[in-house]
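J.: below is the sequence, then the predicted model.
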Amino acid sequence: MALLEVDGLDAGYGEDLQILNNVDMRVEDGEYVTIVGPNGAGKSTVMKSVFGLTTYMGGTVTFDGGEIQGDAPEDIIHLGLGYVPQNDNVFPTLSVQENLEMGAYILDEVPEDALAEVFDRFPILDERRDQKAGTMSGGQQQMLAMGRALMLDPDLLMLDEPSAGLAPDLVAEMFDKVDEINESGTAILMVEQNAKEALRRCDRGYVLVQGGNRFMDTGDALLADDEVRQEFLGG
Ligand SMILES: Nc1ncnc2c1ncn2[C@@H]1O[C@H](COP(=O)(O)OP(=O)(O)OP(=O)(O)O)[C@@H](O)[C@H]1O
């Protein structure tokens, strides 16, 4: 069984606004999977639904062998599933180090080895460990949000548009960081607007349209597919 298996997932918002319709998705141990698709397709909703932040309406979500559909985020985070939302992903009035420590709030003590590893992986966070998160640039805050999610050493890290709003040189740096995190053994499920670059780097990709699965293949195969290129990658 895959690390994450989503089978026939229906989910949405409020009482009856259904967005996802019969979505299937899987991420193997250590795999790097990307979700692409047009605006409003439901890409973010897939991640939020896996993490228990939407209204569950049907289907199953299995993580590490146990069913988690309908569970609360505070239960899911204990299982080794990390999630970095696109917005509001740092505490602006707390320092960098305090933000990272908050990432491990479910533990009795701050995991010093994990903290050292995050500082090692993101030298900018080490340099600015006492700076208030809200005074850092968008890219630095994004690194901090990722670092915070890594404090619990997740088996799967879900990233919602990590390159959004970043200058081009920072976009490359962000993608490199994601590669490094994946190479160190953490599986990745990532939503990206920067679809070509994401598909180039991932193992496998899903194209989601109107809340449902449309294409699934290796990143290279999706990049080479005429229909995918024309419809979703700007030709
Ligand atoms: N909190 C919410 N309440 C109600 N509807 C929502 C909520 N969040 C998202 N939606 C709706 O769900 C649909 C899918 O949104 P979602 O953000 O998942 O799409 P997306 O594929 O990630 O889009 P984008 O690429 O623009 O970020 C959209 O129609 C959106 O308006």
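T.: Arrived safely, thanks for sending.
J.: what about Lys43, how many neighbours?
T.: 24 (other CB atoms under 10 Å). To be clear about C-beta, it is placed using only N, CA and C from the backbone, and glycine gets the same treatment.
J.: over to the one 3 residues further on?
T.: Other residues within reach of Val46 by the criterion other CB under 10 Å amount to 28.
J.: part of a helix, is it?
T.: Yes. Secondary structure assignment (DSSP: H, G, I helix; E, B strand; the rest coil) places Val46 inside a helix.
J.: so it touches Gly211, yeah?
T.: No. Contact status for Val46 versus Gly211: not in contact, 9.1 Å apart, counting by CB atoms under 8 Å.
J.: intersection of neighbour lists for the two?
T.: When contacts are counted by CB atoms under 8 Å, 6 or more residues apart in numbering, Val46 and Gly211 have 20, 23 as shared neighbours.
J.: which bits of this structure sit near the ligand?
T.: Among all residues of the chain, those adjacent to the ligand (criterion: CB under 6 Å from any ligand atom) are 13, 17, 19, 37, 39-45.
J.: switch the cut-off to 8 Å
T.: For the chain, the residues found near the ligand under the criterion CB under 8 Å from any ligand atom are 12-14, 17, 19, 37-46, 48, 54, 86, 160-161, 191, 193, 208, 211.
J.: which element is Ile124 on?
T.: Applying DSSP states H and E as the criterion places Ile124 in helix 123-127.
J.: contacting residues around that helix?
T.: With contact meaning CB under 8 Å, 6+ apart, helix 123-127 is reached by 96, 100, 118-120, 140, 143-144, 147.
J.: which is the next helix or strand following it?
T.: helix 138-150.
J.: what residues of that next one count as buried?
T.: Going by neighbour count (16 or more other CB atoms under 10 Å), the buried part of helix 138-150 is 139-150.
J.: report the strands that pair with the helix or strand that it is followed by, each with its relative direction.
T.: Towards the C-terminus, the helix or strand next in line after helix 138-150, according to DSSP H and E, is strand 156-160. Strands flanking strand 156-160 in the sheet, each with its direction: strand 81-84 (parallel), strand 187-191 (parallel) (DSSP bridges).
J.: could I get the first one in PDB with only the CA atoms?
T.: So the one you mean is strand 81-84. Once non-C-alpha atoms are left out, strand 81-84 reads as follows in PDB (Å, rounded to 0.1, in the frame of the first residue of the first chain):
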ATOM      1  CA  LEU A  81       2.100  14.200   7.700                       C
ATOM      2  CA  GLY A  82       3.200  17.800   7.400                       C
ATOM      3  CA  TYR A  83       1.300  20.600   5.500                       C
ATOM      4  CA  VAL A  84       2.500  24.000   4.500                       C
END
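J.: for the longest helix along the chain, buried residues please.
T.: In the chain, ranked by residue count with DSSP state H as the criterion, the top helix is helix 168-183. Across helix 168-183, burial judged by 16+ other CB under 10 Å covers 170-171, 173-175, 177-178, 181-182.
J.: skipping adjacent residues, who's closest to Leu9 in space?
T.: In space, and not counting its chain neighbours, Leu9 is closest to Gly59: 3.9 Å by CB to CB, 6 or more residues apart in numbering.
J.: rewinding a little: show me the residues of the chain next to the ligand that map onto strands.
T.: Using DSSP state E, the members of those that fall within strands are 12-13, 17, 19, 160, 191, 208.
J.: alright, calling it a day.
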